[in-house]
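> My questions are about this predicted structure, shown below with the sequence.
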Amino acid sequence: MVKTNQSPWEGSGILLMKKKILVDESEVLFSRETFSREDLSLFNFHRSVWIIENGWLEGKNPGNHPGMAILKQEFKGNVLVEFEAQTINPSTHDINVMWNGEWIDSLDQRGIAYVAGLEGWWTGKVGIEKSPDYTFMLGTPLLDFKPGKIYKIQAGSIEGHCFILADGKLLLEGMDPDPIDHQRFTQVGFEAYSSHIRIKNVIIRRIKWEPVEMSYEPEF
């Protein structure tokens, strides 16, 4: 029996509503602790400038649009994207990640995708959204974001049950009533949105999870 006030970390797992992600048992599909210049060939870059600097993947985009570094490898299924990231002074916002996604070259814009991030959505929110129609959007301003701080970010979804964590703390989760087809939309990428960010210690996993029965213990 799981108490509802339990930490989102239970052993090596991430506890969501009625689900536990078994992180250590989730297959690793991609892993880079640091990046080399040769690793630039792993990505397609869109509407932004990305370089490798001291082992970090560094992205810069002054525009009010997604500036993407999208891995060429396909990632089918329910995925968990883990990485460390920080903003680069004087940039103060928008560290974002995309999964179950696509980029439409003919339009030069992101198509169907889940996107999550820290200190975005114009007013400093942790957020999750589904493009391109944005009928599924979640946000909260409650993270005390520190520009320049290195955050360990984890984001992903299980059949439309989306979530994002920072430094082991579950910040936001929500259930999309019309989940993205993760066998068709398989791209994972990182996004600078009018921001300058850098990323390392990337691990992408195919999620293994188990259902959790939740109930309250009597308090009186």
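Alright, I've got the coordinates.
> what's near enough to touch residue 132?
Listed by CB atoms under 8 Å, 6 or more residues apart in numbering, the contact set of residue 132 reads 109, 110, 111, 112. Using the backbone N, CA and C atoms, a C-beta is placed for each residue, glycine as well.
> same thing but at 10 Å, please
102, 104, 107, 109, 110, 111, 112, 113 (CB atoms under 10 Å, 6 or more residues apart in numbering).
> before we move on, what about residue 13?
19, 20, 21, 22, 23, 24, 25, 26, 208, 209, 210, 212.
> who wins for most neighbours among these?
residue 21 (25 neighbours; other CB atoms under 10 Å).
> name the helices or strands packed onto the helix or strand where that one lies?
Assigning secondary structure by DSSP states H and E places residue 21 in strand 19-22. Secondary-structure packing of strand 19-22 (3 or more CB pairs under 10 Å, 6 or more residues apart in numbering; DSSP states H and E): strand 13-16, strand 151-158, strand 161-166, strand 209-211.
> CA atoms only for that strand - export them in PDB, please.
Written as PDB, here are the backbone C-alpha positions of strand 19-22 (Å, rounded to 0.1, in the frame of the first residue of the first chain):
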ATOM      1  CA  LYS A  19       2.100   4.200 -11.500                       C
ATOM      2  CA  LYS A  20       5.700   3.600 -10.600                       C
ATOM      3  CA  ILE A  21       8.500   3.900 -13.200                       C
ATOM      4  CA  LEU A  22      11.200   1.300 -12.600                       C
END
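> Sheet-wise, list the partners of it with their directions.
Strand pairing for strand 19-22, determined by DSSP bridges: strand 13-16 (antiparallel), strand 209-211 (antiparallel).
> for the chain, what's the longest strand?
The longest strand of the chain (DSSP state E) is strand 195-206.
> Run me through the strand neighbours of that one, direction for each.
In the sheet, strand 195-206 lines up with strand 27-32 (antiparallel), strand 56-61 (antiparallel), strand 79-87 (antiparallel) (DSSP bridges).
> Would you format the ones you listed as CSV with mean neighbour count included?
CSV is the format used below for the strands paired with strand 195-206 (neighbours: other CB atoms under 10 Å):
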stretch, mean neighbour count
strand 27-32, 14
strand 56-61, 21
strand 79-87, 22
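> will you turn these into a markdown table that also has mean pLDDT and distance to residue 146?
Compiled in a markdown table, the strands paired with strand 195-206 are given as follows (pLDDT from 0 to 100; distance: least, CB to CB, whole Å):
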| stretch | mean pLDDT | distance to residue 146 |
| --- | --- | --- |
| strand 27-32 | 98 | 25 |
| strand 56-61 | 98 | 18 |
| strand 79-87 | 98 | 9 |
